[in-house]
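Asks: 3D, please:
(2 chains)
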Amino acid sequence: MFRSYLKIAFRHLLLHKTITFINVAGLAIGMACCILIMMLVKDELSFDQFHANKANIYRVNTRFTENGKVNYGTSSQFPTGPAMKAELSDVKDAVRLYEPGNTLFTHGDKKFLEEHAAFADAGFFKMFSFPLLTGDAATALKEPNSIVITESAAKKYFGNEDPIGKTLRMANETDCKITAVAKDMPRNTDLRYDLLISFSTFETGNRLSGLWMYFSQNFTYVMLRDKASLANMNKTLAGFTDLHVGKIAKRLGMQFSYQLQPLTNMHLRPGGDENKEDRSKLIYIYIVIAVFLVLIACINFMNLVTARASERALEVGLRKVMGAARRTLVIQFLMEAVLLSLLAFVAALVLAAILLPAFNSLTDKSLQLFSWQQLPLLGTLLALAVFTGLLAGSYPALFLSGFMPIAILKGTFQSLRNRTLLRKAMVVSQFAIAIVLIVSTVVVYSQLRYWREMNLGFDKEHLVNIYLSSTEDVSPKRELLKQELLRLPAVKSATLSNMAVGRFIGSYNPVAKEGDGDDKSITPGIITGDFDLVKTLGLEIIKGRNFAADMATDSTDAFIINETAARKLGLHNPLGARIEWRPGPTPRKGSVIGVVKDFNFSTLQLPVDAVVYLVNPQNASVLTVRLQPGNLPAQMAQINKLWAQLIPNYPIQFSFPENDLSEQYQTEYRLGSIFGVFAVLSIFIACMGLFGLSILISRQRTKEIGIRKVLGASVGNITALLSRDFLKLVFVAIIIASPLAWYLMNQWLQDFTYHIDVQWWMFVIAGLGAVVIAMCTISFQSVRAALMNPVKSLKTE
Amino acid sequence: MIQLKHISKHYPVGFGKNEVLKDVDLTIFPGEFVSIMGPSGSGKSTLLHILGLLEEPSTGEYLFEGEPVQRMSEKKRTQLHRGSIGFVFQAYHLIDELTVYENIETPLLYKNMPASERKSRVADVLDRFNMVAKKDLFPNQLSGGQQQLVGIARAIVAEPRVILADEPTGNLHSDQARVIMQMFKHLNETDKITIIQVTHSEQNAAFGHRVIEIRDGKIQ
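Replies: Numbers count the residues shown, from 1 in each chain, chains lettered A, B, ... in the order given. This next block holds a predicted model:
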């Protein structure tokens, strides 16, 4: 009996290959997407959740309020950590992590620029659950000039030798002794380092480490005592802040406070709990999309199975007449549908495995499908597959088998008509969602293009930023390097400054009109550079003049400011106005000699900030070079060669501002790709629903089609007749989707300072796309129905 | 064997009702070959469906082998379909996805018969109907007459006591029809199977022992 069911099930599947394929593929794709997305979500939610002390660890964030504007920071001052540990009784331990940026490490002839290197306080390995392979967690980072490296870093520098006790030279200046080797840190942590140097190495003899208003890439983590209450902690923090930072903050005209952010929130709120950036929103969107895709796929699967089951009514009737009990029929249909859904589940696994590498590179992850961690997810989906199969099979099983066989055999069986309304509603909602996704994709890509083509106020093409480390190897040779570079034919101009255009400005200090109190000062970006900055970047001077090397005062008491700075300082007639720059106790006073047009020196997601530019190349950390248009790799090879000749001990570091800028909207780019993929998939799945409906309806109208053909209707007439109804549904979907998409994308765009408006043509594109794809889907079935020999369709009556 | 007492059947039509069978009394004895004749819409198919437990009479009493059918449970009726009643349809109604062999085997599956016995029974029937060579073909590879032979083979394989045939030759030409009718006659005479057929054709009716004329829902 069982075998007979299996046999009939397989023959059915083979006989209708196209429909079987579409049905299995639809469910499989839905499930494969769900698997991938949920793996991603799970990974995102797992960041830094593995620390044994996670409930008690907080990052010390900062909040500045200046002129009513609130800014949040995640870095804190160097003295904050030790002071908190010493003065606040609830703080059990504090660990600082200072990331100096790319740093050169050498061992013999092995030389690497390390990006993931940081100075860490001694308590690091006790606070965070990163196991050590060798060495003592309590003392490894205690002594100055100690360094802990990971297994893979050890391999990189020392091969198979035991690294303990050996030394690594940092920045060609400091020798550090390896005291411990740590296991490679997992990928799901934001505290991923390859090398950790004891903080005392940095602190020794460094005046910066005592400053209470100096912010660098220094992050402070505190571990509270088990019984400590956060409310109580916040109260004592207020007093602590007042004691250490109150005075200086007041002098700068700002309010300053610390905020503790739980370690476990850090990954999804990277800018702090109150900051705007909230990745959990994206996580919710992912979950909604995953659940939506899999549910729609399941519902479509059920619809197709039931639509096809009505063909089998005759078989059910016959089997009943031959003595099949209802129970055996129920088992037969359930088994058949479950078989099909299990097939889809297996196909989904295969599909997910095939797509995983591409998905990993799209999302910048290294997820693994076949690991025990994914068991709950895969188990849930397997259960869902079985459930879907059971549900899909339950309609033919329970509904058809419950019929009096004669109704089926006589053909008076009319149960399917009233179900089409539900199916139509399904098709409309599926298409509506697909259209929303298409519009979203179009909007995201248009926004990306807008950013790419936006006038930034400087010419971003053919620029190279060469980074100058402050080490003895590099600093003294800055000017020489610039002069030598200018002699290369490929180099048009070059400038030394503290600004890496496209990335950052090196410092922010108070600036005010001469004589104004501190409370009236603003904190613009301060560009300290040489005379060639305006020329090299291609900035536009709209008032006054550029600095001139032959004007002696230009190097001592002249400023160029941007439009925003003029406005913020309240300078209606900026030329000649006296302002003062207050980087420390002794201000530098001078006149404004020129105003440059605003230019986007960092991110496009924020409005242009105030900038003050003065001549002082002493602290230059960046050499910005404008190249002649030409063969970039050859030009860079020349520059590399020159660097290697002049500064053989230190590797060159450079970046292209054009790339730096586009990297800033990686998130949006990723969002665009993900929307695009989901748009395609949702269209596919919506078409499945449409396909099921068109099979059902053309089958119901078989007789009508036959009669019309006998009466002289052409294939075209019939196809049009059948297609018209479906296109109506797609139009309804467009009408529903358009305002929704408009609202959602407008919300998204509002987050950006420079954004496009949602245009009417975007809806036209999405609508046309949906209509064309729907037409193709329907015509497959409509044309088939129209081509059918009328004699055949009428004979069955 | 079969006894109908005051059987009526009506369907609701709008606010009124459409009476198909009116107060039918009928007795059929074991081993009889009965033909039911009548014009379209006279109620003969409905009568056959009631006899086959496919439809319920609106009023009246139906005794199958002395047992009142109205009081039978769904289970008991299924039992009757499995063992006592075989059906032959005008449109053959074979299962398209099954071969000739499997189609014939299906009723035996529902009787939970062991595989070896099933095999010998089906082989037996195939042999009798001269269809051994065609056992692995699918219904759509057969002619109408051959399909109907399979239909009859399927109806008798479970060794029912009654075969109900609804215009079994309606879709066949006269040569094929004669073969089918002779098969019925043979089954009736050698296997003592009671046969009740609905037919339009005087010729076919002549194969039976008795003709029941039905007109406007009443037996004449």
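Asks: Give me the below-cutoff pLDDT ranges for the stretch 201-350 of chain A.
Replies: Scanning the stretch 201-350 of chain A for pLDDT under 70 picks out the ranges A:310.
Asks: Which residues of it lie near chain B?
Replies: Residues of the stretch 201-350 of chain A lying close to chain B by C-beta under 8 Å from any C-beta of the partner chain are A:314-315, A:317-326, A:328. Bear in mind the C-beta positions are built from the backbone N, C-alpha and C, glycine included.
Asks: for these, which one is nearest A:I697?
Replies: The nearest member of those to A:I697, counting by C-beta to C-beta, is A:L314 at 19.6 Å.
Asks: Was I right to think that closest one contacts B:A91?
Replies: No. Assessed by C-beta atoms under 8 Å, A:L314 is found out of contact with B:A91, at 9.2 Å.
Asks: quick one: common contacting residues for these two?
Replies: Overlap between the contact sets of A:L314 and B:A91, as judged by C-beta atoms under 8 Å, 6 or more residues apart in numbering or on different chains, is nil.
Asks: How many residues are close by A:L252?
Replies: Neighbour count for A:L252, taken as other C-beta atoms under 10 Å in any protein chain shown: 19.
Asks: before we move on, what about A:D557?
Replies: 16.
Asks: which ones are touching whatever residue of the stretch 201-350 of chain A ends up closest to chain B?
Replies: Nearest to chain B, among the residues of the stretch 201-350 of chain A, is A:G323, at 3.1 Å (C-beta to the nearest C-beta). Counting by C-beta under 8 Å, 6+ apart, A:G323 makes contact with B:T78, B:Q79, B:H81, B:R82, B:G83, B:P107, B:Y110, B:K111, B:A158.
Asks: Just say helix, strand or coil for it.
Replies: Here A:G323 is coil, with the state taken from DSSP: H, G, I helix; E, B strand; the rest coil.
Asks: Leaving out chain neighbours, which residue sits closest to it?
Replies: Nearest in space to A:G323, with sequence neighbours left out and distances taken as C-beta to C-beta, 6 or more residues apart in numbering or on different chains, is B:R82 at 3.1 Å.
Asks: Hmm, the one you found is touching B:P107, no?
Replies: Yes. Between B:R82 and B:P107 there is a contact under C-beta under 8 Å: 6.9 Å.
Asks: Which neighbours do these two have in common?
Replies: A:M322, A:G323, B:A158.
Asks: Reduced to three states, what does the closest residue to the first one other than its chain neighbours come out as?
Replies: To tie it back to what came earlier, the one meant is A:M322. Leaving out its chain neighbours, the residue that sits closest to A:M322 by C-beta to C-beta, 6+ apart is B:P107, at 4.4 Å. What three-state DSSP gives for B:P107 is helix.
Asks: Could I get the contacting residues of B:P107?
Replies: By C-beta under 8 Å, 6+ apart, the residues touching B:P107 are A:M322, A:G323, B:R82, B:G86, B:R154, B:V157, B:A158.
Asks: tally of neighbours for the last one?
Replies: Spelled out, it's B:A158. B:A158 sits with 22 neighbouring residues when counted by other C-beta under 10 Å.
Asks: hmm, which helix or strand of chain B has the shakiest average pLDDT?
Replies: One helix or strand of chain B scores below all others by mean pLDDT, DSSP states H and E: helix B:74-83, with a mean of 80.
Asks: Helix or strand for whatever residue of the stretch 551-700 of chain A ends up closest to chain B, just tell me which one.
Replies: Using C-beta to the nearest C-beta, the closest approach of the stretch 551-700 of chain A to chain B is made by A:R699 at 15.6 Å. A:R699 is located in helix A:666-700, with elements delineated by DSSP states H and E.
Asks: and if you look at B:N18?
Replies: Remark: B:N18 resides in strand B:16-28, with elements defined by DSSP H and E.
Asks: Just give the nearest non-adjacent residue to A:T523, would you?
Replies: Spatial nearest neighbour of A:T523, excluding adjacent residues (C-beta to C-beta, 6+ apart): A:Y508 at 5.1 Å.
Asks: How many residues are close by the one you found?
Replies: 16.
Asks: What distance do you get for it to chain B?
Replies: 78 Å (C-beta to the nearest C-beta, to the nearest Å).
Asks: which ones are touching A:A180?
Replies: Going by C-beta under 8 Å, 6+ apart, A:A180 touches A:F125, A:L132, A:L133, A:T134, A:G135, A:D136, A:A137, A:A140, A:V148, A:I164.
Asks: Show me what secondary structure element comes after the longest helix seen in chain B.
Replies: For chain B, the longest helix by residue count, based on DSSP state H, is helix B:174-190. As assigned by DSSP H and E, the chain's next helix or strand after helix B:174-190 is strand B:194-199.
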